[in-house]
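**Q** Sequence first, predicted coordinates after that:
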Amino acid sequence: MAKVVSVNISTKKGMIKHPVEQIELKINHGIVNDAHAGDWHRQISLLDLSSFDKMHNTANVALRPGIFAENITTEGIDLWSLPIGTRLQIGPTLLEITQIGKECHRHCQVFKEVGDCVMPREGIFAVVIKEGVIKAGEAVKIIPTIRVAILTLSDKGYSGEREDLSGPALAEALQGKAVVANQDILPDDFEQIKAKLIEYADQGLDLVFTTGGTGFAPRDVTPEATRAVVERPVPGIVEAIRMQSLKITPHAMLSRATAGIRGKTLIINFPGSPKAALECLDVFLPVMNHAVETLRGDAYECAQPGARS
């Protein structure tokens, strides 16, 4: 089992970090009293002991946790192989990986004392998603990342006559909740939409959000292309969205949006308006994690009180 073997801090950047009994993590900050804390993408650094092993023959000094200026020293996990966006649960906290490796600063204390530094090659960096206190001995668990595709359907958007606002708006709203693996725009063409949705599913993406092409216009064919692709319809999602949307505008009853599953990919149609697309996403977000876990086969609580799926 992967675990934390040491937690380490320093009061100045470019310095070796020293083990402490515990560290306190804060959202939009990082580690309290650590030099690298701040509202940026490299709040916390992590390095596994397996990376230390590669340095024993060349190091000028004995290697110990914190010597490569990492905040969290782990054991039993290939940190450097994890993709950006992966989340790590460490004790009560949750981190999200934002960077693999970094530029080497040969003038730093680490390089001067050790003679080389493995951190630029195999260290990882993360931000705090959930606060808490971490001590040595805490388990490290990889939380599977939700991978999403966003597909905008618009003839004018595809030709460049109109700026796509809905796709970027959805991508921004999903920050910190999922990784947008693909973001594309296509014309309102049945065969192209169908082929792209199949491509996404074949990639093993968890979710596909389409935006546009769900109305009454002659070339609005997104629901038809979606129905041609999915193997299992999920009417409850669009029913819930439509019910909530009707509280905002009566035009919601004109939506022909659909939702369904192909393989282990859930596809959901949203309207083309940025505002409406975000409102629809807000309806789905409370059940997003459970939906993905169920599709993956990771959810086992459906028989528990309060479960309905």
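**A** Arrived safely, thanks for sending.
**Q** Please confirm that T74 is located within a strand.
**A** Yes: assessed by DSSP: H, G, I helix; E, B strand; the rest coil, T74 belongs to a strand.
**Q** Hmm, it is touching S45, no?
**A** No: here T74 does not reach S45: they are 11.2 Å apart, not a contact under Cβ atoms under 8 Å. The C-beta positions use only the backbone N, C-alpha and C, and glycine is treated the same way.
**Q** For the closest residue to V7 other than its chain neighbours, which residues are in contact?
**A** In space, and not counting its chain neighbours, V7 is closest to I23: 4.5 Å by Cβ to Cβ, 6 or more residues apart in numbering. Residues in contact with I23 (Cβ atoms under 8 Å, 6 or more residues apart in numbering) are 7, 9, 31-32, 34, 71-72, 133-134.
**Q** Quick check: beta-bridge partners of I23?
**A** Assessed by DSSP bridges, I23 has beta-bridge partners I134.
**Q** Just the pLDDT for it.
**A** Listed pLDDT for I23 reads 98.
**Q** Equivalent analysis for the one 10 residues further on, please.
**A** Looking at N33, its pLDDT reads 97.
**Q** Three-state assignment for the nearest residue to A225 once chain neighbours are set aside, please.
**A** In space, and not counting its chain neighbours, A225 is closest to I193: 3.8 Å by Cβ to Cβ, 6+ apart. Following three-state DSSP, the label given to I193 is helix.
**Q** Is it correct that I193 is in contact with V221?
**A** Yes: contact criterion Cβ under 8 Å: I193 and V221 qualify, at 6.8 Å.
**Q** Spit out the residues that contact these two alike.
**A** Common neighbours of I193 and V221, using Cβ under 8 Å, 6+ apart, are G213.
**Q** quick one, helices of the chain?
**A** Taking DSSP state H as the test, the helices found in the chain are 49-53, 109-114, 119-122, 155-159, 166-173, 190-202, 222-229, 235-245, 274-296.
**Q** can you put these in TSV and add mean neighbour count, distance to I143 and mean pLDDT?
**A** Below are these laid out as TSV (neighbours: other Cβ atoms under 10 Å; distance: least, Cβ to Cβ, whole Å; pLDDT from 0 to 100):
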stretch	mean neighbour count	distance to I143	mean pLDDT
helix 49-53	17	21	90
helix 109-114	17	30	65
helix 119-122	19	21	86
helix 155-159	16	34	96
helix 166-173	19	20	98
helix 190-202	17	22	98
helix 222-229	21	29	98
helix 235-245	17	23	98
helix 274-296	17	10	96
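**Q** so which of those helices gets nearest V148?
**A** Evaluated over the helices of the chain, closeness to V148 peaks at helix 166-173, with 8.5 Å, by Cβ to Cβ.
**Q** which residues touch that closest one?
**A** With Cβ under 8 Å, 6+ apart, helix 166-173 has contacts from 150-152, 180, 183, 185, 209, 211-212, 270, 272-274, 277-278, 281.
**Q** Ok, stretch 132-141 next?
**A** 1-7, 19, 21-25, 72, 74, 76-77, 88-93.
**Q** again, 7 Å this time
**A** For stretch 132-141, contacts defined as Cβ atoms under 7 Å, 6 or more residues apart in numbering pick out 1-7, 21-25, 74, 77, 88-93.
**Q** just the buried members of these?
**A** 2, 4-7, 23-25, 74, 77, 88-91, 93 (16 or more other Cβ atoms under 10 Å).
**Q** Among those residues, which ones are in strands?
**A** Among the buried ones among the contacts of stretch 132-141, the ones falling in strands (DSSP state E) are 4-7, 23-25, 74, 88-90, 93.
**Q** quick one: which of those is nearest N289?
**A** Q89 (13.3 Å).
**Q** any idea how far L295 is from the spatially closest residue to that closest one that is not a sequence neighbour?
**A** Nearest non-adjacent residue to Q89, counting by Cβ to Cβ, 6+ apart: K141, 4.4 Å away. Counting by Cβ to Cβ, to the nearest Å, the gap between K141 and L295 amounts to 20 Å.
**Q** next one: T98
**A** To L295, T98 is 26 Å away according to Cβ to Cβ.
**Q** Which members of the buried ones among the contacts of stretch 132-141 define the maximum pairwise distance?
**A** Largest pairwise distance in the buried ones among the contacts of stretch 132-141, by Cβ to Cβ, is 22.3 Å, between E24 and I77.
**Q** My guess is A252 contacts I241. True?
**A** No: look at A252 against I241 with Cβ atoms under 7 Å: they stay out of range, at 8.2 Å.
**Q** got the contact list for the spatially closest residue to G66 that is not a sequence neighbour?
**A** Spatial nearest neighbour of G66, excluding adjacent residues (Cβ to Cβ, 6+ apart): N8 at 3.4 Å. Applying Cβ under 7 Å, 6+ apart to N8 gives the contacts 17-20, 65-66, 70-71, 73.
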